[in-house]
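In: Okay, predicted coordinates and the sequence, questions at the end:
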Amino acid sequence: MAKEQSCGAFRTSIGGQALIEGILMRGVDKQSIVIRNQDGDLVTKVEELHLIKEKHPWLGWPFIRGVVNFIDSMAKGMKALTYSASFLPEEEQEEPSKLDQWIEEKVGSEKAEKIIIGIAMVMGLALAVGLFIFLPTLLVGLIPGLREGHDGLRTLLEGVVKIVILLAYMYGVSQMKDIKRLFSYHGAEHKTIFCYEHREELTVENVRKQSRFHPRCGTSFILVVAIISIFVFILVNAFLGVDNVFLRMLLKLCLLPVVVALTYELNRWLGRHDDLAFARVLSWPGKQLQHITTKEPDDSMIEVAITALKLVIPDVQGADAL
C-alpha cells in the first residue's frame, strides 16, 4: 500500500469517477471518458462542459453551488456509467426494461436516455434517503424511553445507526467481483490526481507509488454528510423539539440540501488546507472509508487514468487550481 502523502503546494480542482472498465475525469471546461474495450484498446471521449452557473451566476455562490454541483455531478456520472456499460459483452448487458422500451418508442432514443437517467437518479436518491435517513430514524424511534427529554442522545444514536448502515452497505458491495474492479479504477483515479498535484511526470511508475487515499474523494463526501447531518439536526431540533418519528424523517429530508451545501464547502476548505493538522483530523474519517471504496489498481487501470487526466489538463498552467 502506498504511503499517505500531502498534496504539496498545488491542489487541482480536477476530479474523477470510476466507471465500468474506465474512468471519467472532469476538468475546468471539459470532461473526458476513457474506456478499455474488450479488445484491450482505449476508447476516448471528450466533451465540453457547459455549467449552469454560466447562465445563472448566483447558482455558483457559496452554499448554493454545493447542491447544484451535487445534482450536476450525479447526472453526468450516471450518464458516463451508462455509456461505459455499453462496452460490456452483449451477454453481460442488461436487456432494456419494458418501461425503457416504451419511453424510447414515445420520445426517441436521445430524449429517452435523459429521461431514463433522470428516473435512475430519482430511484437512487430514494434508496439513499430510505436507507440513511428514514430507516435509522425509524429503528431508533422504536427504542423505549427515547421519545421525550433525550433528543440529543436520540439524534446521536440515529447518526450512529446511519453510519453503521453506510459502512455495512459499502463493505457489502465491495465484496462483489465487478465492484472490486470498479474500486480499483477509483484507486487509479486518486493516484493519478496525486501524481499530477505533485507535479511529477504522468507515468505508470510515478502514479503507482502515490497514495490512493485522497482528501477530496466523492465517497468521503457521503460519510461527511452523515456526520454533519447529526450536528445540524441536533441544532435545529433544539429549537423545534420534534419528537414524532415521521415528522423527524420529514425534517431531516428538508434539511438535506443544507447538509449537502455545508459539506461541500467543508470539503473544499479541507482540500485547500490539507497541510494543516486540524484539516487532516477532519478529513481522517473520509480517508478511512477509502480503505473500502478504493483498491490498488493494476498498470492497465493506471494507463486509463493517465489518459483520462491528460485530456482535461488546461492549456494554461494553474487554471485548474482549487
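Out: Alright, I've got the coordinates.
In: phi, psi of Arg26?
Out: phi -110, psi 120 (degrees, to the nearest 10).
In: Roughly how far does the residue lying closest to it once chain neighbours are set aside sit from Ala305?
Out: Distances taken as C-beta to C-beta, 6 or more residues apart in numbering place Gly15 nearest to Arg26, at 5.4 Å, with adjacent residues excluded. Every residue, glycine included, has its C-beta placed from N, CA and C. As defined by C-beta to C-beta, to the nearest Å, Gly15 lies at a distance of 12 Å from Ala305.
In: out of these two, which sits in the busier spot?
Out: Using other C-beta atoms under 10 Å as the criterion, Gly15 and Ala305 rank with Ala305 on top: 29 against 20.
In: who's in contact with the more buried one?
Out: Gly16, Ile23, Met25, Val34, Tyr185, Ala188, Glu189, Lys191, Thr192, Val207, Pro297 (C-beta atoms under 8 Å, 6 or more residues apart in numbering).
In: Remind me which helix or strand it belongs to.
Out: helix 299-310 (DSSP states H and E).
In: Quick check: buried residues in that helix?
Out: The neighbour-count check on helix 299-310 (16 or more other C-beta atoms under 10 Å) flags Met301, Ile302, Glu303, Val304, Ala305, Ile306, Thr307, Ala308, Leu309 as buried.
In: I'd guessed Arg154 sits against Val140; true?
Out: Yes: counting by C-beta atoms under 8 Å, Arg154 does reach Val140; the two are 6.0 Å apart.
In: okay, and the common contacts of those two?
Out: The contact lists of Arg154 and Val140 share Leu146, where a contact means C-beta under 8 Å, 6+ apart.
In: about what we covered before: does the residue nearest to Arg26 really touch Ser220, like I thought?
Out: No: contact criterion C-beta under 8 Å: Gly15 and Ser220 do not qualify, at 11.8 Å.
In: for stretch 30-42, which positions count as buried?
Out: For stretch 30-42, by 16+ other C-beta under 10 Å, it's Gln31, Ser32, Ile33, Val34, Ile35, Arg36.
In: Let me fix that, I meant to ask about stretch 52-63.
Out: For stretch 52-63, by 16+ other C-beta under 10 Å, it's Leu59.
In: how long is that stretch from one end to the other?
Out: Using C-alpha to C-alpha, to the nearest Å, the span of stretch 52-63 from its first residue to its last is 15 Å.
In: I would like the residues contacting it, please.
Out: By C-beta under 8 Å, 6+ apart, stretch 52-63 touches Leu51, Ile64, Arg65, Val68, Asp72, Ala261, Leu262, Glu265.
In: which SSE is Ile35 in?
Out: strand 30-36.
In: can you pull out the helices in this protein?
Out: 65-85, 98-107, 109-129, 135-141, 151-174, 177-197, 204-208, 218-240, 245-272, 277-293, 299-310 (DSSP state H).
In: Would you mind saying which of those helices lies nearest Glu47?
Out: Closest of the helices of the chain to Glu47 is helix 65-85, at 8.9 Å (criterion: C-beta to C-beta).
In: Who are the packing partners of the closest one?
Out: With contacts defined as 3 or more C-beta pairs under 8 Å, 6 or more residues apart in numbering; DSSP states H and E, helix 65-85 has these neighbours: strand 15-19, strand 22-26, strand 30-36, helix 109-129, helix 245-272.
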